[in-house]
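Engineer: Okay, predicted coordinates and the sequence, questions at the end:
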Amino acid sequence: MLLSRFTKPKGLPILKIFSDAGMASPLIGDGRLIPVLTLDCEESQELATLLELHQETPPGDVISTWAVPKYTKKYMYLFLNFTKPVELNVAIEFILDKHHSLIDGVILSKGVYIRSSESSKKFAENVDAPMILIEVPEETKPDFWESMYHKIIARKLKTKGCPRKQVGKLAKEHIIRMRELWGRRMNIT
Amino acid sequence: MKVGDWISALAALIAFFAFLLSWKSYVIARKAHGIAEEGYKNQIKEISSYLIESYKWKSEEKKYVTFAVSYTNEATIQNSISFLCLKLRLNNANKKYPEVSVSPVSKEPTMGNYKALEFPLLLGGRETKSGWITFELPSKLLEETTVETYTLEAETASGNIVKTKTNLVTYVVE
């Protein structure tokens, strides 16, 4: 599901990304590299509780929706609507200039791990801390994402002094390289 | 008032009552139509699916994938799933693969409390049935590639295809 025309998330706790990482396990998701988001759960203590609770309960249900504000292209949000084992709605805030590759990683791997910054600020500091895996189906991929991602990379290359004629080609190459990284699989025989 | 006027007044009154009666008939007929329409809508509702759990496992050098699924007949009349298969979308950066279709096998997983679903699956009105469905994965193919998407495709008696998709399946080591 995609909401592309809204001004700002209303009535939802907005969770900022504290740090990010990637984790691949041959036992989960056919060995794909899945982004791990460490979230600042100050806005939603319920999510921190859910993370702990979910370790001992069977797989739950969550509906994920990507959204971009109508009047600003600074942020992109991933709305998470948990229905099982608890009912909870939150929005994860991605800063487009900073987290564009991470968004692409979530879209490509069709999943994301979320954890709270309360256990550790970085994933590597405490890999055993509670976290949950959320499936982000490919149907949720925004139609405009390809062009938006390309534009962000092209703009970044331009500000770094890349010749205008080569920007398009280099942006394409950059995206291919990043996707090679996210596309890696750890297989089990 | 003349006799003619009385007769006209009476005719007008009868016409008014006739109008009221026909209006009431119209309202009743509309209600009946609404009920019939609702009944028809309930009859043509399709089967919906819900994926409870999924995992991969290995037994005697063969790889299997098992889904715990529930199918609900949303209609008030009986329906059935005549055929079910698993479609695998494969992923390899260097090579393109067509979608692979596999049929269920009778092998039962050792974990879980659900019993296996048998096809064709008959579902009474508003009935739900849950169970395991197991498929053998094409081992040779999976040596050189990985699965991108698992899609369960169930064909109903009315010819509709009910799809249940998942991307993240956990591998369980027995």
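Structural biologist: Arrived safely.
Engineer: Confirm for me that residue B:135 is in contact with residue B:63.
Structural biologist: No - Residue B:135 is beyond contact range of residue B:63, at 9.6 Å (criterion: Cβ atoms under 8 Å). Any C-beta I mention is one placed from the backbone N, CA and C, and that applies to glycine too.
Engineer: and these two? which has more neighbours close in?
Structural biologist: Using other Cβ atoms under 10 Å in any protein chain shown as the criterion, residue B:135 and residue B:63 rank with residue B:135 on top: 23 against 17.
Engineer: tell me which residues form a beta bridge with that one?
Structural biologist: When bridges are called by DSSP bridges, residue B:135 pairs up with residue B:65, residue B:104.
Engineer: pLDDT score assigned to it?
Structural biologist: Listed pLDDT for residue B:135 reads 93.
Engineer: same deal with residue A:58?
Structural biologist: If you check residue A:58, the pLDDT there is 62.
Engineer: What number of residues are in the vicinity of the closest residue to residue A:46 other than its chain neighbours?
Structural biologist: Excluding its sequence neighbours, the residue lying closest to residue A:46 (Cβ to Cβ, 6 or more residues apart in numbering or on different chains) is residue A:88, at 5.4 Å. Applying other Cβ under 10 Å, we find 16 residues neighbouring residue A:88.
Engineer: Residue ranges in chain A under the pLDDT threshold?
Structural biologist: Along chain A, segments meeting pLDDT under 70 span A:1-9, A:56-59, A:188-189.
Engineer: what about the strands in chain A?
Structural biologist: A:2-6, A:14-24, A:33-40, A:61-69, A:75-84, A:88-95, A:111-116, A:131-135 (DSSP state E).
Engineer: Including distance to residue B:25, could these go into a markdown table?
Structural biologist: Shown next, in a markdown table, are the strands of chain A (distance: least, Cβ to Cβ, whole Å):
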| stretch | distance to residue B:25 |
| --- | --- |
| strand A:2-6 | 47 |
| strand A:14-24 | 58 |
| strand A:33-40 | 63 |
| strand A:61-69 | 47 |
| strand A:75-84 | 46 |
| strand A:88-95 | 49 |
| strand A:111-116 | 60 |
| strand A:131-135 | 55 |
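Engineer: Kindly report the residues of chain A close to chain B.
Structural biologist: Contacts of chain A with chain B, taken as Cβ under 8 Å from any Cβ of the partner chain, map to A:26-32, A:58-59, A:110-111, A:133, A:135, A:137-138, A:180, A:183, A:185, A:187-189.
Engineer: For chain A, identify the residue most remote from the centre.
Structural biologist: Among the C-alpha atoms of chain A, the one most distant from their mean position (Cα atoms, centre = their mean) is that of residue A:165, at 31.4 Å.
Engineer: Give me the buried positions along the biggest helix by length in chain A.
Structural biologist: Identified as the longest helix of chain A according to DSSP state H is helix A:164-182. By 16 or more other Cβ atoms under 10 Å in any protein chain shown, the buried positions in helix A:164-182 come out as A:167, A:171, A:174, A:175, A:178, A:182.
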